[in-house]
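**Q** Pasting the sequence and the predicted model now:
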Amino acid sequence: MLRTLFAYCEARLDEADVLFRFRDADEITGYSKQRTAIRDAVLYLLQITSGMRNSESTGITNGCWRIEVRNGVTYHWVRTREIKTTGGTEVD
């Protein structure tokens, strides 16, 4: 079941570029089931691969990723606005 859900989410992301081109050309406006499916797929994949809570993953923004190498180990960081315990502080 989880494999099927993961594959479904990846398929939605594969369709995202085309859908966003339609949106940018004003061919899709307002509510769209396809746009909602992309949003949900992003949240699921982010949470399942990172371990982030819902409140953390909904606080990320464009450009919030960074890579850091320490002592030969590569770390991938995501900066988010954490509301639950810090009251809105940006955290990695």
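**A** That came in fine, so what should we check first? Numbering: from 1, shown residues only.
**Q** Every contact and neighbour count from this point should use C-alpha atoms.
**A** Will do.
**Q** For this structure, which segments are assigned as strands?
**A** In the chain, the strands defined using DSSP state E lie at 60-70, 73-82, 89-91.
**Q** Residue 52 is nearest to which of these?
**A** Residue 52 lies closest to strand 73-82 among the strands of the chain, at 9.8 Å (Cα to Cα).
**Q** Grab the nearest non-local neighbour of residue 43.
**A** Excluding the flanking residues, the one nearest residue 43 by Cα to Cα, 6 or more residues apart in numbering is residue 57, at 6.7 Å.
**Q** what number of residues lie near residue 27?
**A** Counted with other Cα atoms under 10 Å, the neighbours of residue 27 add up to 10.
**Q** same check, this time on the one 10 residues further on
**A** Residues near residue 37, counting by other Cα under 10 Å, number 16.
**Q** out of everything not next to it in sequence, what's closest to it?
**A** Spatially, and ignoring its direct neighbours in sequence, residue 37 is nearest to residue 12 (6.8 Å; Cα to Cα, 6+ apart).
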